[in-house]
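Q: what's the 3D shape of this:
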Amino acid sequence: MQLLINGQPRTFAELTETSSVLDLLTLLGLKGDRVALERNADIVPRSSWADTRLTENDKIEIVHFVGGGCC
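A: Prediction:
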């Protein structure tokens, strides 16, 4: 499956028409508690990741939350 992730075209042989957003995040090795995801300009709530199917040429934006700081 061909996807555009954060502006970069990527091909995933492991993903099919039944694959979900959660499958993609798992494949990328991303922890669900540290990312937000947008599919085709719509924010996908974490509670919907397993039910949101991917389609060829979807535009996915993934934002990683980074903690830190010091006094």
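Q: quickly note the distance from Ile62 to Pro45.
A: Using C-beta to C-beta, to the nearest Å, Ile62 is found at 14 Å from Pro45. For glycine as for every other residue, the C-beta is placed from the backbone atoms N, C-alpha and C.
Q: who's more crowded, the two?
A: Using other C-beta atoms under 10 Å as the criterion, Ile62 and Pro45 rank with Ile62 on top: 15 against 10.
Q: now do the contacts for that one.
A: 5-6, 25, 28, 30, 35-38 (C-beta atoms under 8 Å, 6 or more residues apart in numbering).
Q: rerun that using 7 Å as the cut-off
A: 5-6, 30, 35, 37 (C-beta atoms under 7 Å, 6 or more residues apart in numbering).
Q: report the beta-bridge partners for it.
A: Following DSSP bridges, Ile62 is listed with bridge partners Leu37.
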